[in-house]
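Participant: Need a 3D model of the sequence below.
(one chain, ligands or ions: 1)
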Amino acid sequence: MTNDKRASGKIPVTVVTGFLGAGKTTLLRHVLTQPHGRRIAVIVNEFGSLGIDGSLLRSCGIEGCRDEDIVELANGCLCCTVADDFLPTMQALIDRDDPPEHVVIETSGLALPKPLLKAFGWPGIRTRMTVDGVVTLVDGPAFVEGRFADDPEAVAAQRAADPSLDHDNPLVEVFEDQLASADLVVLGKTDLMTSDAVVAAEKAVQEQVARFSSRHVPVLKTSEGRIDASVLLGIGAAAEDDLSARPSSHDGADDHEHDDFDSFVVTVPEQTDIVAFVAHLEQVAGRFDLLRIKGFVPVAGKARRLAVQGVGTRFRHEFDAPRTADLTEGHLVVIGRHGLDREAIEAALKTQG
Ligand SMILES: Nc1nc2c(ncn2[C@@H]2O[C@H](COP(=O)(O)OP(=O)(O)OP(=O)(O)O)[C@@H](O)[C@H]2O)c(=O)[nH]1
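Facilitator: Numbers count the residues shown, from 1 in each chain. Now for the predicted structure:
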């Protein structure tokens, strides 16, 4: 925390943003397990209706991290529910007998950060909190694969037809907004990249950031979210006073929707063969071009639940918290671009082999 912030008496708030599956929760887990010497409250927002990330954070047994310090806002994107959910939550934190010394907000992977930053200008919040910094996670391999880049020929053709159109790719729009808001960019998952690709990606990210922002925005590289807490917390940006330097594709719009993306929950039976199950998920994710699958699944004979995570077709799984009696079947959140064939995806996920 900078001396300025201490003197202002405002609680610093770090906003962690980044596209679906970029590694935000992983980064947060790493920060929370480091000795950071402050009472941190975490607000986790998810696009899907299940609070997976909050549950993952709670289950990692971080010493001194109390249940009430992890607040889940699981019904929709924070950027759309600012007045209904976010402001009362922040007010409740401020009004605690032992208010947090730092708040970290993990936004949903589809959130546009700007509406959230604007909320820190609201009376009641403005005098008590300040946005210490916006940290934007970039999924290195996905970036290198060009998932957040417009097809230049398609854009040129589109612009010729309608000059007011920027791009037709909602992934690009969300990604660019998240980069444009950043005070610090973290290029993650470098363990999955060659060293040449890391160097090229770092340069390309820096160029992208410079397109949106004249501010100096450092780009750090990491894997498994290993960034020192002292680098992330205490940036001292006061981003709420600096909104015009953080352009958004939705500036000027009164409202925005997330109807470019769909999400639903699928239940699956208890599993016996984890390798076959995960291979099946990979196959379904590829067949339907899904962006994200994540959830918890019971496995026969295992005392712990299986946490399953897919970003595109890249899956990981681990046994994390003890399996509870009510976990009789698995729940998977599925997220993809608008127009998903829900029935077919559900059927495919439920029928394996
Ligand atoms: N190989 C590798 N995998 C990573 C790294 N960071 C995160 N992951 C994996 O990527 C998947 C998504 O990570 P999360 O931390 O849940 O990503 P997120 O941004 O919180 O995801 P959403 O909240 O759904 O947007 C998980 O399976 C992680 O284990 C990394 O540095 N290297």
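Participant: so who does the residue of the stretch 51-200 of the chain found nearest the ligand touch?
Facilitator: The shortest separation between the stretch 51-200 of the chain and the ligand is 2.9 Å, found at Gly109 (distances taken as CB to the nearest ligand atom). For glycine as for every other residue, the C-beta is placed from the backbone atoms N, C-alpha and C. Shown here is Gly109, whose contacts under the criterion CB atoms under 8 Å, 6 or more residues apart in numbering are 18-22, 24, 47, 174, 292, 335.
Participant: if you look at the residues you listed, which of them are in strands?
Facilitator: Using DSSP state E, the members of those that fall in strands are 18, 292, 335.
Participant: Check the contacts of Gly109 one by one and keep those near the ligand.
Facilitator: For the ligand, the contacts drawn from these by CB under 6 Å from any ligand atom are 18, 20-22, 24, 292.
Participant: From those residues, pick the one nearest Gly188.
Facilitator: Ala22 (6.3 Å; CB to CB).
Participant: quick one on the thing from earlier: in a markdown table, list the ones next to the ligand among the contacts of Gly109 along with pLDDT.
Facilitator: Conversion of the ones next to the ligand among the contacts of Gly109 to a markdown table gives the following (pLDDT from 0 to 100):
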| residue | pLDDT |
| --- | --- |
| Gly18 | 95 |
| Leu20 | 92 |
| Gly21 | 93 |
| Ala22 | 96 |
| Lys24 | 95 |
| Arg292 | 94 |
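Participant: Now, of these, which are buried?
Facilitator: The neighbour-count test (16 or more other CB atoms under 10 Å) applied to those identifies 18, 20-22, 24, 292 as buried.
Participant: Please spell out which residues along the biggest helix by length in the chain are buried.
Facilitator: When the chain is parsed with DSSP state H, its longest helix is helix 195-212. Judged by neighbour count (16+ other CB under 10 Å), helix 195-212 contains these buried residues: 198, 201-202, 204-205, 208-209, 212.
Participant: Including distance to Gly301 and pLDDT, could these go into a markdown table?
Facilitator: Formatted as a markdown table, those follow (distance: CB to CB, whole Å; pLDDT from 0 to 100):
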| residue | distance to Gly301 | pLDDT |
| --- | --- | --- |
| Val198 | 41 | 96 |
| Ala201 | 42 | 95 |
| Glu202 | 45 | 96 |
| Ala204 | 47 | 94 |
| Val205 | 45 | 94 |
| Gln208 | 48 | 91 |
| Val209 | 49 | 91 |
| Phe212 | 51 | 84 |
